[in-house]
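S.K.: Have a look; sequence and predicted model below, questions after that.
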Amino acid sequence: MPCGRTNTRADKGRWRVSSNESLANLLKEERRFTPPETLAASANVTAQAYEQAAADRLGFWAEQARRLSWATEPQQTLDWLNAPFAKWFADGELNVAYNCVDRHVEAGLGDRVALHFEGEPGDTRTVTYAELKDEVSRAANALTELGVRAGDRVAVYLPMIPEAVIAMLACARIGAPHSVVFGGFSADAVASRIQDADAKIVITADGGWRRGKPSALKPAIDEAVASCPQVEHVLVVRRTGQDVAWDESHDVWWHEVTERQSTEHEPQAFNAEHPLFILYTSGTTGKPKGILHTSGGYLTQAAFTHHAVFDLKPETDVYWCTADIGWVTGHSYIVYGPLANGATQVLYEGTPDTPHQGRFWEIVQKYGVSILYTAPTAIRTFMKWGDEIPAKFDLSSLRVLGSVGEPINPEAWMWYRRNIGGDRCPIVDTWWQTETGAMMISPLPGVTATKPGSAQTPLPGIAATVVDDEGREVPDGAGGYLVLTEPWPSMLRTIWGDDQRYVDTYWSRFQGRYFAGDGAKKDDDGDIWLLGRVDDVMLVSGHNISTTEVESALVSHPKVAEAAVVGAADATTGQAIVAFVILRGSAQDSDELTAELRDHVAKALGPIAKPKRVLTVAELPKTRSGKIMRRLLRDVAENRELGDVTTLTDSTVMDLIQTKLPTAS
Ligand code: ATP
Ligand code: MG
C-alpha cells in the first residue's frame, strides 16, 4: 500500500516522502542525433574537457576563471570551510562590467555590435561595444551622482530595451547589487521585492511596447514606492513617450541625468565575492526566494557555459536569447555570459505574435541569427500555431538551438529540430536554476549524441546525480531526486537576508548535497532526464509518477500541443491523474478524443499512468516566465482555494479552467 506523502510545500523549503518508492521510469526514447561533423571538428569544447575536469575539478575551474580579466589574479579556487557557504576565487579582484565591456574595446573590438535592438513597433538601434562602454560609464556616473555607493541595492523594472542592459552593467561597475524585477509584475509584487532587498534607487521606464500598445510601467512603481520610504530616487527611461505622473521629490529622467555625464568612468576592482545581484525565483512552487549571486565565480561559469554549450564564435555568430532580462536566463545569457564573451546579440522587446505569429522567424532571418536560446513554452506555442509559419522564413543561418525553463517534451524537441533547426542544428536542453546561476546539465553541441527530451550530462566541472529517499545514488534506469554533489562557481551564496532558509531549503534534505527540488531519472546509459518538480510528482496506487512523462506522452499525440497533469486526491488510488490539454490548430474537443488521449497515454507509458480525466482547455496557468503552475491546477482539481497567484500571468485563465471541472475531486 502507498504510504502517502506529506508535502509541506516549498515555502517551508522541505519535501518529504514517507514511501520508499522511487520515481517510476516509464518513458523510453530510442532516437539519437549525433553532432554535425563540421561543428564537431571545430567545436570550442571537446570530450577532453570532461576528462580534464574529472581529473582535477578545481584546477579546471581555476583555468576557466582565466577567461576573465582580473585586477588581482586569484590564487585560491574554492573555500568550502564554512559549507554550505561557499567562496570562489576569494582572494581575486575584478570589475564585472569591465569584463563585459571595456576589455573588448581595449582589445580593438569597439566597433563590434554588442546589441542589435529590435523594438516591438519595429524601431531598431545598434549598440557597438564602444557605445556600450560610453553608455555604461555615463550611467555609472549618474548613479554615483545620485548617491549610490558600492553595496547599495538598486531595483530595476524595465522593458527589454538597451537601457536594461546598461543599467545592470552600470550597477555592476560601481559594485551596487541590482535586483531586477520582471516588468510584468504588479505593484505589490514589486514593492515586496524592493522592500526585501531594501533598494535605495529604482530604475524604470514610462512603459514598454507590448502586443502593439504602450504598456505602462511607471504607475506600478509609483504605487510600490509609496510603501517603500527608503527609495530615494526613481530614474525613468523614456521609451513609449506616454504620460506619466511625476513626483519632483524623487523622480528623475534617465536621459537628463545621463546625458550630462562623462563617458569616462574608472572601473574599480571588487573582491570576487562582492555581491553582484539579488534575483527572486519564478515562484512556480510558492513564494519567491531572493537568490544572492556574487561576482567572480558567477561570471566565470556564465562565460564558460555560454562559450561551451553554444559553441559561441564571437567573430561570426549572431546570438539571440528570447528570455526576459527579469529572469535568471536574461541575467546569465543576455547580459553577463554573452557580453563577457564579446558576443553580438539580438535584444527583442516584444511578444512573439506581434504584429504576426512569424515575428521570431522574421528576426532570425533579418539578423542572420545563428544561435537561438528559447523556452519549451514558446516552442509548444509555435507548434500550436502551425508548421507553415516558420516555413515562410529563411532560417538557414541557425546552427545551434537551446532550450531552458522546463523539461522539453520529446515531441516538442523534435518539432524544434525539424521546423526551426532544419534537421541539422543540435539542440542543447540546458537544465539549471536561478540558484545555480548558470547551466549545469546540458549536452555539448560538438560532443554529445543528443536524445529528444533529455538534458543528459553534467557539464565539465559539474557533479550531479540522482538519489533515492535515503540519499543513495539510484542505478541506471531508475528515478529519484536530482542532487548536486559538489559546489560550483556560480552557485547561490545564500537567500538574501535568510541564511537559515538557504541551509534548510537546499542543504538539509540530503546531507552535504544540494537538493534541487526536481525529480529526475537516469536512463540505461546513465543520462539524466528531468521529470518535473518533486512537489508535482504524483503518487498513484503506490507508484511515484512524473508529471513530465505523462505530459510528454500526451504531447506525442498529433492533436495535442501542450499538456499539464496533476495528481488529485482519490479515494481508491491515493491520487488520480487529471490532465489538462491544449489542442493543436484545428483539432476539436470531443468525448472520443479524450478517451483516445487516455488510451494513448496508457499505451505509451503503461496502464498505471492512464489519466482518470482529460480536460481540454484554451490556456494553462503559467508564471510570467512561462512555466506551468501545476499547484494551481491541483488546487482546482481538489476543490481548494487557489494558493499564491501573484506570479501568474493571467488570473482569468483559472476562472475558465474552474468551469471545466464542475464535479472535481
Ligand atoms: P520557484 O523556485 O520560485 O518555484 P522556479 O523554480 O520556476 O521558481 P527558476 O529558477 O526560474 O524558478 O526555474 C528553475 C527550474 O526550472 C528548475 O528547478 C526546473 O524545475 C526547471 N527547469 C529549468 N530548465 C530546465 C530543463 N532544461 N529541463 C527541465 N526543467 C528545467
Ligand atoms: Mg525553483
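M.R.: Done, it's in. Ligands and ions are numbered 1, 2, ... in the order given.

S.K.: For the residue of the stretch 101-250 of the chain found nearest ligand 1, which non-adjacent residue is spatially closest?
M.R.: In the stretch 101-250 of the chain, the residue that lies nearest ligand 1 is residue 182 (10.6 Å; CB to the nearest ligand atom). C-betas here are computed from N, CA, C, even on glycine. With CB to CB, 6 or more residues apart in numbering as the criterion, residue 182 has its nearest non-adjacent residue at 3.0 Å, and that residue is residue 326.

S.K.: Quick one: residues contacting that neighbour.
M.R.: 180, 181, 182, 183, 184, 185, 624, 625 (CB atoms under 8 Å, 6 or more residues apart in numbering).

S.K.: What count of nearby residues applies to the last one?
M.R.: Meaning residue 625. If you count neighbours by other CB atoms under 10 Å, residue 625 ends up with 25.

S.K.: as a whole number, average confidence for stretch 379-399?
M.R.: Confidence for stretch 379-399, expressed as mean pLDDT, is 96.

S.K.: If we go by neighbour counts, what in it is buried?
M.R.: 379-385, 389-390, 393, 395, 398-399 (16 or more other CB atoms under 10 Å).

S.K.: got the CA positions of that stretch in PDB?
M.R.: Output in PDB follows, covering the C-alpha atoms of stretch 379-399 (Å, rounded to 0.1, in the frame of the first residue of the first chain):
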ATOM      1  CA  ILE A 379       8.200  26.100 -28.700                       C
ATOM      2  CA  ARG A 380       4.800  24.500 -27.800                       C
ATOM      3  CA  THR A 381       3.100  27.700 -28.700                       C
ATOM      4  CA  PHE A 382       4.800  27.700 -32.100                       C
ATOM      5  CA  MET A 383       3.700  24.100 -32.600                       C
ATOM      6  CA  LYS A 384       0.100  25.100 -31.800                       C
ATOM      7  CA  TRP A 385       0.300  27.900 -34.400                       C
ATOM      8  CA  GLY A 386       1.400  25.500 -37.100                       C
ATOM      9  CA  ASP A 387       4.500  24.500 -39.100                       C
ATOM     10  CA  GLU A 388       3.600  26.700 -42.000                       C
ATOM     11  CA  ILE A 389       4.600  29.900 -40.100                       C
ATOM     12  CA  PRO A 390       8.300  29.300 -39.600                       C
ATOM     13  CA  ALA A 391       8.400  27.600 -43.100                       C
ATOM     14  CA  LYS A 392       7.900  31.100 -44.700                       C
ATOM     15  CA  PHE A 393      11.200  32.400 -43.400                       C
ATOM     16  CA  ASP A 394      14.900  31.700 -44.200                       C
ATOM     17  CA  LEU A 395      16.200  30.100 -41.100                       C
ATOM     18  CA  SER A 396      19.400  28.700 -42.700                       C
ATOM     19  CA  SER A 397      21.700  30.900 -40.600                       C
ATOM     20  CA  LEU A 398      20.800  28.900 -37.500                       C
ATOM     21  CA  ARG A 399      23.400  26.400 -36.300                       C
END
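
S.K.: ok, back up a step: right, and the pair among the buried residues of stretch 379-399 with maximum separation?
M.R.: 384 and 399 (26.0 Å; CB to CB).

S.K.: report the longest helix in this structure, please.
M.R.: For the chain, the helix that runs over the most residues, judged by DSSP state H, is helix 129-145.

S.K.: List the strands paired with the helix or strand following that helix, with their directions.
M.R.: Using DSSP states H and E, the helix or strand that directly follows helix 129-145 along the chain is strand 154-157. When pairing is defined by DSSP bridges, strand 154-157 lines up against strand 178-180 (parallel), strand 201-205 (parallel).

S.K.: Out of the contacts of residue 326, which sit inside strands?
M.R.: Taking DSSP state E as the definition of strands, those contribute residue 180.

S.K.: re the thing from before, counting neighbours, what do you get for the residue of the stretch 101-250 of the chain closest to ligand 1?
M.R.: So residue 182, with other CB under 10 Å, has 22 neighbours.

S.K.: what sits against it?
M.R.: 324, 326, 327, 624, 625.

S.K.: so the first one sits right up against residue 625, yeah?
M.R.: Right, the one you point to is residue 324. Yes: here residue 324 reaches residue 625: they are 7.2 Å apart, a contact under CB atoms under 8 Å.

S.K.: What ranges does the stretch 301-450 of the chain have for its helices?
M.R.: 328-330, 337-340, 359-367, 376-385, 388-391, 410-415 (DSSP state H, counting those that start in this stretch).
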